[in-house]
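> fold the following for me, if possible:
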Amino acid sequence: MRILTTTARRHPAAVAATGATLAVLLAGCGSTAPTTSADEESGSGEGWEYTDDSGQTISLDAPPENVVVQVNAAAALVDLGFEPTAVFGPRELADGEPDPQAGDVDPETPSVGTEWGEFDMESYLALEPDLVVTIAYGDALWYVPEESTDQIEDAAPILAVQLEGVPADEAVQKFTDLAAALGADVESEAVTAAQEDFDAASAELAEATEANPDVSVMATNTTADLMNVAKPGFFSDLSYFQAQGVDFVEPDGGEAPNWHDLSWEQASTYEADVILADTRPNSLPVDDMADIPTWAELPAVQADQVGSWHAETPMSHAKLAPVIRELAELIEGADPDVV
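Presented below is the predicted three-dimensional model:
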């Protein structure tokens, strides 16, 4: 497919963060409203135009057919009825189980890379791609190697969906708009039912926080050397939970926009009634932290009020609803007087 024009071309940069912060981000994880051309909206198929969250306007001579999508973004689009031509990013955990961030992406979908920094240009070019879609955190394009960006973009424009600081409901809407522009039926029975379930789950969370308003919550990612406390405003899921009344700890330290990185000796810097422990592979499993004294001494741990933070949940109504319900149940049954 011939690319007609691409304006306001991005110059991607690495995420501004410490090495430890970036390592945490790599495991998981202000926008411009998207627009589509009149031809695309009318279904004439004579042109396609979309303005992504970087401000780049992508114009093609026909709607894109061969679309290569970062796997977490692909999972959101699949739930909206769009099937990618190929994906990149992790689809399996180390034990061979499906990676939650891949959602319901067909395991038979071709892949052009599964690890950070891996992008098989030969396989990618053989697909004759029309469009690449990925998530952005600030200026960083997720799982798009910076050194390969120009070569990737020479073959097809890169469309960025910004998620940094974007609450989950707004993130879902971004993917809904994109899926519709790509030709998916976003008003199908399945999509509508998923939205209704999401709305019901959100109401349940709001009711739980209203009924138990004094429960404080802290989201963490942990390594052998660090306990990273999340800044909820950075993360789509946490910021949405916060909007439903969840009382998150707000770290006031750390230079990175996403974490306050603490040594284990500093683990008691923040306290909460409930801890949400990151379930991503780069974070220590809760059972493995039992022998870390400063973890074991945290009030929430002693009260057995440690839940799961599913930080790589695809931004779709279908995948978010059960996560929201899990949190609602946790807060509803939590003791608010632990700290």
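
> next one, pLDDT for residue 94 please.
For residue 94, the pLDDT comes out at 89.

> test my guess that it contacts residue 115.
No. Contact criterion C-beta atoms under 8 Å: residue 94 and residue 115 do not qualify, at 11.8 Å. Yep, even glycine has a C-beta here, placed from its N, CA and C like the rest.

> compare those two (neighbour count), which wins?
Relative neighbour count places residue 115 above the other of residue 94 and residue 115, with 11 against 8, counting by other C-beta atoms under 10 Å.

> tell me the domain ranges of the protein?
Following automatic domain parsing, one gets these domains for the chain: 3-184, 191-332.

> got JSON lines for those domains, with distance to residue 338 too?
As requested, the domains of the chain are exported to JSON lines (distance: least, C-beta to C-beta, whole Å):
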{"stretch": "domain 3-184", "distance to residue 338": "26"}
{"stretch": "domain 191-332", "distance to residue 338": "4"}
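
> any idea which of those scores lowest on pLDDT?
domain 3-184 (a mean of 83).

> phi, psi for residue 164 please.
With angles defined as degrees, to the nearest 10, residue 164 sits at phi -60, psi 120.

> which strands and helices sit next to whichever strand or helix holds residue 73?
If you go by DSSP states H and E, residue 73 is part of helix 71-78. Packed against helix 71-78 by the contact rule (3 or more C-beta pairs under 8 Å, 6 or more residues apart in numbering; DSSP states H and E) you find strand 86-88, strand 131-137, helix 168-181.

> how about the first one: buried residues?
Neighbour counts using 16 or more other C-beta atoms under 10 Å place 86, 87, 88 of strand 86-88 among the buried residues.

> now stretch 315-325
315, 316, 317, 318, 319, 320, 321, 323, 324, 325.

> again with stretch 224-231
Buried-residue list, stretch 224-231, by 16+ other C-beta under 10 Å: 226, 227, 228, 229, 230, 231.

> roughly how far is that stretch from the heart of the chain?
19 Å (C-alpha atoms, centre = their mean, to the nearest Å).

> then stretch 128-139?
14 Å.

> ok, back up a step: just the ones in strands from the buried residues of stretch 224-231, please.
Judged by DSSP state E, strands contain the following of the buried residues of stretch 224-231: 226, 227, 228, 229, 230.

> as TSV, those residues with distance to residue 249 would be great.
Below are these laid out as TSV (distance: C-beta to C-beta, whole Å):
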residue	distance to residue 249
226	16
227	12
228	12
229	7
230	9
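
> for residue 48, state which of those residues is nearest.
If you rank these by distance to residue 48 using C-beta to C-beta, residue 230 comes first, at 37.5 Å.

> quick check: bridge partners of that closest one?
Counting by DSSP bridges, residue 230 is bridged to residue 259.

> show me where this protein has helices.
Using DSSP state H, the helices of the chain run over residues 19-27, 38-42, 71-78, 121-126, 149-155, 168-181, 189-211, 236-243, 293-296, 299-302, 317-332.

> the fifth one: which residues count as buried?
By neighbour count on 16+ other C-beta under 10 Å, the buried set for helix 149-155 is 149, 152, 153, 155.

> what's it packed up against?
helix 121-126.

> same check on the last one?
Using 3+ C-beta pairs under 8 Å, 6+ apart as the contact criterion, the neighbours of helix 317-332 among helices and strands are helix 168-181, helix 189-211, helix 236-243, strand 274-278, strand 306-309.

> for stretch 122-135, what is the distance to the chain centroid?
On C-alpha atoms, centre = their mean, the centre of stretch 122-135 falls 21 Å from that of its chain.

> before we move on, what about stretch 189-204?
Distance, centroid of stretch 189-204 to centroid of chain: 19 Å (C-alpha atoms, centre = their mean).

> return the member of the ones in strands among the buried residues of stretch 224-231 nearest to residue 46.
Nearest to residue 46 among those, with distances taken as C-beta to C-beta, is residue 230, at 46.2 Å.
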